[in-house]
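Give me coordinates for this.
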Amino acid sequence: MNSEQMEVKTPEYVSLQFRVAGLGSRAAAFIIDQILLGIINVAIVILLIVVMQGISSLPAFLENSTVPIAIAIIALFIINYGYFFVCEYFSGGRTLGKKLVGIRVIQDNGHSITLLSSFIRNLLRLIDSLPTGYFLGIIMVFFHSKHKRLGDLVAGTIVVHERKAKRKKKLSGIEKEIQERGLAKENLIIDEWTLKSFKAKDWKLINTYAARFMQLPEAERDQMTRKIADLLLPKIGVEVVGESEENLENTLLVLYLHLKDEWEFEL
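I've put the predicted structure just below:
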């Protein structure tokens, strides 16, 4: 079955879109995890062999004892099942395999997996693996509408594809210039009443100024800066006479940021 889109409404009434992970991506993640666990298992078995061969040097109560074997079996069980439980809870629903494939476990309400839900879904791997080779789990994931195995159903979890981070919007020339100058709205405090006194024509004027700012030769830019400053800056109580062109430019660019928030989507 193909992965499907799923919409989740959180308790905070926020609607989130997820793409449910299907059998293919889940199987790929599981294989990667099993390869990692297989390496660890082989290492433990080798260690057990070494210990058993050198058992004569161990304390007397361990001679001819199956204690090392019992410890190894317990360690293998804890590692093979504890790996999924620990990784999914402490790594935001991801094991190494899931992280490489780009999927994760979340709760049905869209929140991160909890300690209890992680414990339940991984405890039930014992049943999902029956009768062999995760046969029951594979069948359930394949046929379930949201690709859930028994552990997911009982724990209230679901496996989804990671939501890709949105690419940062490429800055325009004027935005880069403002950033390089270290300008921000906080550089110029304008009260709400004064801000509302600016009309659409004022926004069009300063927006045109910002759009042409980087293309104009310095002399023409200085001339335009003076003209627009004489028209707009008195409205915010800024004295134009005696100010340098650079200061006027900076003030106009910050005013542009203020008016952009007010007018950009109004026209």
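
per-residue confidence for Tyr83?
Predicted confidence (pLDDT) at Tyr83: the value is 93.

residues in contact with it?
Residues counted as contacts of Tyr83 (C-beta atoms under 8 Å, 6 or more residues apart in numbering) are Asp33, Leu37, Thr95. Where C-beta positions appear, they are placed from N, C-alpha and C, glycine not excepted.

any idea which of these has the most stuff around it?
Counting neighbours by other C-beta atoms under 10 Å, Thr95 leads the contacts of Tyr83 with 24 neighbours.

Would you check that it makes contact with Phe85?
No. Checked against C-beta atoms under 8 Å, the pair Thr95 and Phe85 is beyond contact range at 9.9 Å.

Quick one: the contacts of Tyr83 as CSV, columns for distance to Met224 too.
As requested, these are exported to CSV (distance: C-beta to C-beta, whole Å):
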residue, distance to Met224
Asp33, 63
Leu37, 68
Thr95, 60
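
Show me those that map onto helices.
Among the contacts of Tyr83, DSSP state H puts Asp33, Leu37 in helices.

Could you list the single helix or strand in this protein with the lowest mean pLDDT?
Using mean pLDDT, DSSP states H and E, strand 5-9 stands out as the lowest-scoring helix or strand of the chain, at a mean of 69.

Asn250 should be in a helix, yeah?
Yes. Under DSSP: H, G, I helix; E, B strand; the rest coil, Asn250 falls within a helix.

what sits against it?
Arg181, Leu183, Asn187.

my guess is the last one contacts Tyr256, does it?
No. Using C-beta under 8 Å, Asn187 is not in contact with Tyr256, being 11.8 Å away.

So which of these two has more stuff around it?
When Asn187 and Tyr256 are compared on other C-beta under 10 Å, the one with more neighbours turns out to be Tyr256, at 21 against 13.

can the contacts of Tyr83 go into CSV with extra columns for distance to Asp261 and pLDDT?
Putting those into CSV (distance: C-beta to C-beta, whole Å; pLDDT from 0 to 100) gives the following:
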residue, distance to Asp261, pLDDT
Asp33, 48, 94
Leu37, 53, 93
Thr95, 43, 94
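
how about Gln17, secondary structure?
strand.

my guess is it meets Glu7, correct?
Yes. With contact defined as C-beta under 8 Å, Gln17 counts as touching Glu7 (5.7 Å).

Can you give me the neighbour number for Arg125?
The burial count for Arg125: 17, using other C-beta under 10 Å.

Pull the contacting residues for it.
Applying C-beta under 8 Å, 6+ apart, the residues near Arg125 are Tyr81, Phe84, Gly137, Gly151.

Out of the residues you listed, which two sit at the greatest distance?
Tyr81 and Gly137 (13.8 Å; C-beta to C-beta).

ok, those two, which is more surrounded?
Taking neighbours as other C-beta under 10 Å, Tyr81 and Gly137 compare with Gly137 leading, 23 against 15.

Which parts of the stretch 51-200 of the chain are strands?
Counting by DSSP state E, counting those that start in this stretch, one finds strands in the stretch 51-200 of the chain at the ranges 103-107, 157-161.

Any stretches of the stretch 1-150 of the chain with poor pLDDT?
1-3, 8-16, 54-65 (pLDDT under 70).

Apologies, that question was intended for the stretch 151-267 of the chain.
Looking along the stretch 151-267 of the chain with the criterion set at pLDDT under 70, you get 164-169, 264-267.

Repeat the analysis, applying 50 as the threshold.
266-267 (pLDDT under 50).

follow-up on the earlier one: switch the strands of the stretch 51-200 of the chain over to a markdown table; also include distance to Leu195 and mean neighbour count.
What follows is these, written out as a markdown table (distance: least, C-beta to C-beta, whole Å; neighbours: other C-beta atoms under 10 Å):
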| stretch | distance to Leu195 | mean neighbour count |
| --- | --- | --- |
| strand 103-107 | 42 | 23 |
| strand 157-161 | 43 | 23 |
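
of those, which approaches Ile127 most closely?
Using C-beta to C-beta, the strands of the stretch 51-200 of the chain put strand 157-161 closest to Ile127, at 15.2 Å.

Cool, thanks, talk later.
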